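**Q** With the input below, show me the fold.
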Amino acid sequence: MKYVTTVNGKEFEIEIVDERHIRIGDRLLAVDFETVSGQPVFSLILDGRSYESFVYQGDEDWEVLLRGRQFQVKVQDEREKRLKAAAGGGVAEGGEFLLKAPMPGLIVATPVEEGQEVRKGQVLLILESMKMQNELKAPRDGVVDRIRVKVGESVEQKQTLLSVQ
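**A** Below is the predicted model:
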C-alpha cells in the first residue's frame, strides 16, 4: 500500500512493502516499529538505527516528537489524496491553532509573549520530559494569542499550552 505523507509541509511517498520493509522514494529500508507498554511512546529501528518517538493524534494531523523535535504529520493513502485534490481540499492557514503538550512534562521556557508575531518553525515553548528538552514550534505564521502555562509548571499530555491566531 502506498501513502502520501506530509511532514511539516514536505511530501514523501511511502510504500509499505511488508511488515519489516518500507520504500521511501527509491530507498528500501528495514523497519521495526513497536509501542512501548501501551503508551504513545514507540521504539523505531530504521536501517539499524534506534530511535524513541512519541506519537499521538492531534486535532487534524499526527504529532510526532522525535530526537527532541516536534513534527506535524499528515498521512493519506493515494486514493484519499486524489479525492481531496479533486474536491479542492486544502490546508487552512487561518484561524486559531492550539499548541498541545505531546507528552506530560515540565515547562522550561516560553521564549514568546502574548501578542507577539511568530513565524512558522519558531520555538514557542520548551517542554522537558524524560530528562530531554523538546522545542515545540509554530506550525505556521501568526500571533501568539494566549499563553496558558507558566515556566516551572507541570503539564499533562494533550493539555493546551498556548494559542496562535
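**Q** Could you list everything residue 107 pairs with in the sheet?
**A** Judged by DSSP bridges, the bridge partners of residue 107 are residue 127.
**Q** and it, what is it in contact with?
**A** Contacts for residue 107 (C-beta atoms under 8 Å, 6 or more residues apart in numbering) come out as 125-128, 149-155, 161. C-beta here means a position set from N, CA and C on the backbone, and glycine is covered the same way.
**Q** between these, which is nearest residue 14?
**A** residue 127 (28.0 Å; C-beta to C-beta).
**Q** since we're on that closest one, how many residues are nearby?
**A** As a burial measure, residue 127 scores 24 neighbours (other C-beta atoms under 10 Å).
**Q** How about residue 158?
**A** Residues contacting residue 158 under the criterion other C-beta under 10 Å number 17.
**Q** hmm, back to that, now that we have the contacts of residue 107, which of them are buried?
**A** 125-127, 149, 155, 161 (16 or more other C-beta atoms under 10 Å).
**Q** For residue 146, identify the helix or strand it belongs to.
**A** If you go by DSSP states H and E, residue 146 is part of strand 142-147.
**Q** Adjacent strands (with direction) for that strand?
**A** Strand 142-147 has these strand partners (DSSP bridges): strand 117-118 (antiparallel), strand 160-164 (antiparallel).
**Q** Skipping adjacent residues, who's closest to residue 64 in space?
**A** Leaving out its chain neighbours, the residue that sits closest to residue 64 by C-beta to C-beta, 6 or more residues apart in numbering is residue 71, at 4.6 Å.
**Q** Surely the one you found and residue 58 touch.
**A** No - Residue 71 lies out of contact with residue 58 (C-beta atoms under 8 Å); the separation is 10.6 Å.
**Q** counting contacts, what elements does whichever helix or strand comes after the strand holding residue 146 pack onto?
**A** Counting by DSSP H and E, the next helix or strand C-terminal to strand 142-147 is strand 154-155. Here strand 154-155 touches strand 105-109, going by 3 or more C-beta pairs under 8 Å, 6 or more residues apart in numbering; DSSP states H and E.
**Q** Buried ones in the strand it packs on, by neighbour count?
**A** In strand 105-109, counting by 16+ other C-beta under 10 Å, buried: 105, 107.
**Q** Show me where the protein has its helices.
**A** Using DSSP state H, the helices of the chain run over 78-87.
**Q** okay, now the domains of it?
**A** When the chain is parsed into structural domains using automatic domain parsing, the resulting residue ranges are 2-87, 97-164.
**Q** Is it possible to get JSON lines of those that adds mean pLDDT?
**A** Listed next are these as JSON lines, based on pLDDT from 0 to 100:
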{"stretch": "domain 2-87", "mean pLDDT": "83"}
{"stretch": "domain 97-164", "mean pLDDT": "91"}
